[in-house]
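Undergrad: Could you look at this predicted model? Sequence included:
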Amino acid sequence: FEKLSKGKEFHAFVLSKSLTNKKIVADVIITTPLRMIHFLKSKELSLDTVETLILDEADKLFELGFLEQVDEILAACTNKQM
């Protein structure tokens with residue numbers, strides 16, 4: 001995915017477990033909800049400027065705890081334009 005954004009006007013980023021102490025700046029972020037929450041809590045990721053949020057986890061919708069994860073991510077999206 002990073003190759004798709006190379007030379008374009010947007011930055012894509014895949015969050016992985018191996019990232020540590022790195023401030024993340026991206027227009028598109030690909031990760032799991034739980035990993036995103038981890039990066040939000042560690043202050044390595046901010047969703048203050050998010051305008052659009054897409055969650056492709058329909059298969060997880062009815063799993064225990066998933067809706068709480070979504071609520072936590074949505075609470076971090078504080079941009080009034082979202």
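TA: Nice, thanks for sending it over.

Undergrad: What ranges does the protein have for its helices?
TA: 2-5, 33-41, 66-76 (DSSP state H).

Undergrad: Serialize these to CSV and add fields for mean neighbour count and mean pLDDT.
TA: (Glycine included, C-beta is placed from N, CA and C.) Putting the helices of the chain into CSV (neighbours: other CB atoms under 10 Å; pLDDT from 0 to 100) gives the following:
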stretch, mean neighbour count, mean pLDDT
helix 2-5, 11, 61
helix 33-41, 16, 89
helix 66-76, 14, 92
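
Undergrad: Now tabulate these in TSV and tack on distance to Lys17.
TA: Output for the helices of the chain, formatted as TSV (distance: least, CB to CB, whole Å):
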stretch	distance to Lys17
helix 2-5	17
helix 33-41	7
helix 66-76	17
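
Undergrad: His11 is nearest to which of these?
TA: helix 2-5 (6.0 Å; CB to CB).

Undergrad: Which one, of the helices of the chain, ends up nearest to Val50?
TA: Judging the helices of the chain by CB to CB, what sits closest to Val50 is helix 66-76, at 8.2 Å.

Undergrad: Distance from that closest one to the middle of the chain?
TA: Relative to the mean C-alpha coordinate of its chain, helix 66-76 is positioned 11 Å out (CA atoms, centre = their mean, to the nearest Å).
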